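**Student:** I'd like to go over a predicted model; first the sequence, then the structure.
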Number of protein chains: 2
Amino acid sequence: MTQQEFGAPYLVFLGDAEDFLMAKVAKGVAHWRPEKCVGQMRLPEAKADLGLPDMSITDAAAAGAKTFVLGLAPVGGTLPDAWLPILIDAMEAGMDIASGLHIRLNDISMLTEVAHRTGQRLIDVREPQVDMVCGTGLPRQGKRLLTVGSDCCVGKMFTALAIHKEMIRRQLPATFRATGQTGILIEGSGVPVDAVVSDFIAGVVEQLSPANDHQHWDIVEGQGSLFHPAYAGVSLGLLHGAQADVVILCHEVGRVQMDMMEGYPVPDLQTVIDTNLQLGRLTNPSIRLGGIALNTSALSETEALAEIDRVQRRFNVPVVDPVRTGVATIVDGLESE
Amino acid sequence: MTQQEFGAPYLVFLGDAEDFLMAKVAKGVAHWRPEKCVGQMRLPEAKADLGLPDMSITDAAAAGAKTFVLGLAPVGGTLPDAWLPILIDAMEAGMDIASGLHIRLNDISMLTEVAHRTGQRLIDVREPQVDMVCGTGLPRQGKRLLTVGSDCCVGKMFTALAIHKEMIRRQLPATFRATGQTGILIEGSGVPVDAVVSDFIAGVVEQLSPANDHQHWDIVEGQGSLFHPAYAGVSLGLLHGAQADVVILCHEVGRVQMDMMEGYPVPDLQTVIDTNLQLGRLTNPSIRLGGIALNTSALSETEALAEIDRVQRRFNVPVVDPVRTGVATIVDGLESE
């Protein structure tokens, strides 16, 4: 198996989420893959609302739901006891369960018994379900784009999803390749690379993004940063395995300190670009920078547009804020080759 | 737990090994840690001989053996059925079993039952037994040396063990930190970093090499190469987690092609040095090259000494072949600071 996959349509479970911070993953699923979401299920206490039809398990099953998506971050990442009967009902009604919780559903015997009896699957997306293979470094057909970061949490998944969406809108052949739990829950497939044994990172990414038509784009979600003292190894394995033709640098404007890493300043963008191209060249000598995606949420509209313009003049590639400006100019650049 | 450890003295098991290729690990244990080896146990068919006293389980137990070391590479990495009663006898006699086989002893119920009953441990050294923690990137006291490679299998473990041995001979405070299965079987402790989940590589290495006296050297065994398309992520996580003050570049003279990696030439030594220093600077701005260890086994003595001299003049650091010349000049350099 090269990746874990589950079927659409989804019933997206919001539990008792009070706000969108708790329901962040569910919101991402509904935002990026509305066509895969048949409805949402909310407990009476829930305040979050994805704008999807409210459904019971029975309603959703009747509407053809194939997967019950547990896209929440309850405090501590555990599963409230009160949700167990809901998950059991969903399996009884013919749905697989896809969960991004830290706790493994496959460790809960009440659930595994029902899964066994009904033939439904418990899919813990934080846990790689793939064959562990070492990288070969051999080139493969098709084009690949990887989002890379100046730090963690700077918009690598968002940017990749936005570029993929724009390509699909233009009817370009493209596939989003998820490498983290939220991306996997959104796409319904992928590999959580940070949970892969380190010997196999590059190999697993090679499998995740196999040979394809020579015009086809794999849009690979990046992880971490080559400049993050804890996670750079993941980022390098991903860069080598993806054999990226194009990297898109993602950066949050105004961030000066690495996320939760005392004493580690966010590196200069030129350094991040140079290092990614230098190291990426090992497995793809033609690697190039295809654009820069800024998160300018800390700025006013005027300041943001000025900053985008400034960075564009400095680096001479398309620069966007995927939220404010969309990513069309980046895709223009990729199309015009 | 920060690493897996087991006690000395060892009874080193040679099974029916016909030659030293099969008994490579056992040979390493006997060569580097003779003081930890009480004896060897050989089946009648065995031709390999470590020069240790031949002992039965009973003899070894009487001599105080604490760990039965399974340091072999039988074809396929599995455990011959005929060896099961031997392992059981060893546990009955009060020994833990340390194994570098691919097959997990902890998956064999005949063995786990005896382990449970006797209170002895089955230690699969390929399997990390450590707490999974993320890297902090915070500096810690003590000095650290890491061996880095132009490729896999170029002498990183051998060089680290040789430098450690020379330091101990000079009564310098030093600890060998094993990061691979053979190193762990030799030292009796360590972490197999290539088997650690990728998110935790740097963090686990931080734990493996904790704060120490400011004059103390941790000699950390390197893995892979930043230029290996499959394993560079492991090497980078190790470099960042070790926060190396000094790297020693290990290289096999005459190797032009990366080990089993078609299309990947061995990079130029200057490039390997520059890249390790450049990336290592993230977690230790004072990182420097402390020497170069060449494997010159493909050369005659005259050629080898000429090559060592040539490389030394090119890079202006101590250059050795740990086998031919020893590593004294490298340790001289470290002592003279």
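**Tutor:** In hand now; what should we look at? Residues are numbered from 1 along each chain as shown, chains lettered A, B, ... in the order given.
**Student:** what's the helix or strand for the residue nearest to the spatial centre of chain A?
**Tutor:** What sits nearest the mean C-alpha location of chain A, by C-alpha atoms, centre = their mean, is residue A:183, with 2.6 Å. If you go by DSSP states H and E, residue A:183 is part of helix A:181-187.
**Student:** what packs against that helix?
**Tutor:** Judged by 3 or more C-beta pairs under 8 Å, 6 or more residues apart in numbering or on different chains; DSSP states H and E, helix A:181-187 is in contact with helix A:24-32, helix A:156-169, strand A:174-177. All C-beta atoms are positioned from the backbone trio N, CA, C, and that covers glycine.
**Student:** after that helix, which helix or strand is next?
**Tutor:** Moving toward the C-terminus from helix A:181-187, the next helix or strand (DSSP H and E) is strand A:189-190.
**Student:** that following strand pairs with which strands?
**Tutor:** Take DSSP bridges as the rule and strand A:189-190 pairs in its sheet with strand A:4-5 (antiparallel).
**Student:** so what touches the strand it pairs with?
**Tutor:** Contact with strand A:4-5 is made by A:123, A:125, A:128, A:129, A:130, A:184, A:188, A:189, A:190, A:191, as judged by C-beta atoms under 8 Å, 6 or more residues apart in numbering or on different chains.
**Student:** contacts only, for the last one.
**Tutor:** With contacts defined as C-beta under 8 Å, 6+ apart, residue A:191 is in contact with A:2, A:3, A:4, A:128, A:130, A:178, A:179, A:184, A:204, A:205, A:207, A:208.
**Student:** restricted to strands, list those.
**Tutor:** residue A:4 (DSSP state E).
**Student:** how about JSON lines for the contacts of residue A:191, with pLDDT and neighbour count added?
**Tutor:** Formatted as JSON lines, the contacts of residue A:191 follow (pLDDT from 0 to 100; neighbours: other C-beta atoms under 10 Å in any protein chain shown):
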{"residue": "A:2", "pLDDT": "63", "neighbour count": "16"}
{"residue": "A:3", "pLDDT": "73", "neighbour count": "21"}
{"residue": "A:4", "pLDDT": "75", "neighbour count": "21"}
{"residue": "A:128", "pLDDT": "88", "neighbour count": "22"}
{"residue": "A:130", "pLDDT": "78", "neighbour count": "19"}
{"residue": "A:178", "pLDDT": "97", "neighbour count": "27"}
{"residue": "A:179", "pLDDT": "97", "neighbour count": "31"}
{"residue": "A:184", "pLDDT": "95", "neighbour count": "25"}
{"residue": "A:204", "pLDDT": "96", "neighbour count": "29"}
{"residue": "A:205", "pLDDT": "97", "neighbour count": "27"}
{"residue": "A:207", "pLDDT": "95", "neighbour count": "18"}
{"residue": "A:208", "pLDDT": "96", "neighbour count": "23"}
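**Student:** burial measure for residue A:109, as a count.
**Tutor:** 8 (other C-beta atoms under 10 Å in any protein chain shown).
**Student:** for residue A:68, which non-adjacent residue is closest in space?
**Tutor:** Nearest residue to residue A:68 in three dimensions, chain neighbours excluded: residue A:90, at 4.0 Å (C-beta to C-beta, 6 or more residues apart in numbering or on different chains).
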